[in-house]
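*Asks:* for reference, the sequence and a predicted model appear below.
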Amino acid sequence: MTSDLPLVIVTRQLPQAIIDKLSAVATLNIWEEDRAIPQDTLLAWVPGCHAIYSLLTDPIDSSVLDAAGANLKVVSQMAVGVDNIDVAACTARGIPVGHTPNALTDTTADLAVALMLAVGRRIAAAAQFVKVGKWDTWRPMELTGKDLYGSTVGIIGFGRIGKAVAQRVRGFDCHILYNHPRSDPDAAQYAAAYVNLDTLLKSSDFISLHTPLTEETRHMIGAEELAMMKSDAIIVNTARGAIVDQAALVKALQEGKIGGAGLDVTDPEPISVDDPLLKLDNVIVVPHIGSASVTTRMRIAHMAADNLIAGLHGERLPNVYNPEVYSD
């Protein structure tokens, strides 16, 4: 390894295939601990670096960009969402931001449906029932839950993942509603009907969130919205935790205003083990595993590496979040 190779900051240990790929073109400084890199460490490492390979746990803000200085050519994120990155600040500096769209669509949609089924059919509670020795006989109404089959599913955010969820729940003969900033001409092929948000909340048995986190969508599901939902409705969030007002969600669940929740994301992350959500038997919380299949995680790791390498070479990123940095 020669010292004249560009310097790349890698904010977490990655599969060896990705390390080998990056090492062929750069000198790597890798945070190898199994936790997010502390911000003061990141600030100490970035001066003079040419690229940052980031995860969604890493705040890439103006302070990081300023510390990195003029050499920084690209920020490449191993995720679809980039709400941890100050994209506007990157764009103002002419720095392309790479992300990994499309790669995790199906895996995340699978998890959303799995959470609908798991919460609706009380899978976690039933498994615990057996583990603690309560299964002593069969009772007609014990551990009964809610059918996904034939229900009304409301999808908030009808992008790639929202459509993939719609495709899946069609197989359960569900009535599908969706809400999006505008109606989608492709919705008919998913047998999905566009409705306003209030109608979706009032009509759906299951509600699945697939909108990006923006200032407009932050806490878009709050106390008022939760109060509109059916008393046995189940909400599933595989998008971003802050889309839901978590305190309002806890209150609605505790008071029986809605039926349950399946959460792959929380606000904050990780959730505290003392959080009241974890004390409710009609809630399943999993640790942001929407893309957690071996195939998908390797795919997005390679995509992020390819974005980074293109940026180092001064080439257009294959998947760039802020294409306005390019003049063509």
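*Replies:* Now that the structure is in, tell me what you want to look at.
*Asks:* alpha carbons only for contacts and neighbour counts from here, please
*Replies:* Will do.
*Asks:* and stretch 115-125, how far out from the chain's middle?
*Replies:* For stretch 115-125, the distance from its own C-alpha centre to the chain's C-alpha centre is 20 Å (Cα atoms, centre = their mean, to the nearest Å).
*Asks:* can you give me the end-to-end span of that stretch?
*Replies:* 13 Å (Cα to Cα, to the nearest Å).
*Asks:* can you start the count at 25 instead of 1 from here on
*Replies:* All set: I'll call the first residue 25, so the last point we hit is now stretch 139-149.
*Asks:* for the record, mean pLDDT for that stretch?
*Replies:* On average, the pLDDT along stretch 139-149 is 97.
*Asks:* so where is the protein shaky, pLDDT-wise?
*Replies:* Residue ranges of the chain with pLDDT under 70: 25-27, 352.
*Asks:* how about the strands in it?
*Replies:* 31-34, 51-54, 75-78, 98-101, 121-122, 176-180, 199-203, 216-218, 230-233, 258-261, 284-287, 307-309 (DSSP state E).
*Asks:* in CSV, list the ones you listed along with mean neighbour count.
*Replies:* Listed next are those as CSV, based on neighbours: other Cα atoms under 10 Å:
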stretch, mean neighbour count
strand 31-34, 24
strand 51-54, 18
strand 75-78, 25
strand 98-101, 28
strand 121-122, 30
strand 176-180, 27
strand 199-203, 24
strand 216-218, 20
strand 230-233, 27
strand 258-261, 27
strand 284-287, 27
strand 307-309, 22
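*Asks:* any chance of the ones you listed in TSV, plus distance to Ala188?
*Replies:* Shown next, in TSV, are those (distance: least, Cα to Cα, whole Å):
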stretch	distance to Ala188
strand 31-34	31
strand 51-54	35
strand 75-78	27
strand 98-101	23
strand 121-122	23
strand 176-180	10
strand 199-203	12
strand 216-218	12
strand 230-233	12
strand 258-261	15
strand 284-287	18
strand 307-309	22
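*Asks:* among these, which is nearest Ala150?
*Replies:* Distance to Ala150, taken as Cα to Cα, is lowest for strand 307-309 among the strands of the chain, at 12.3 Å.
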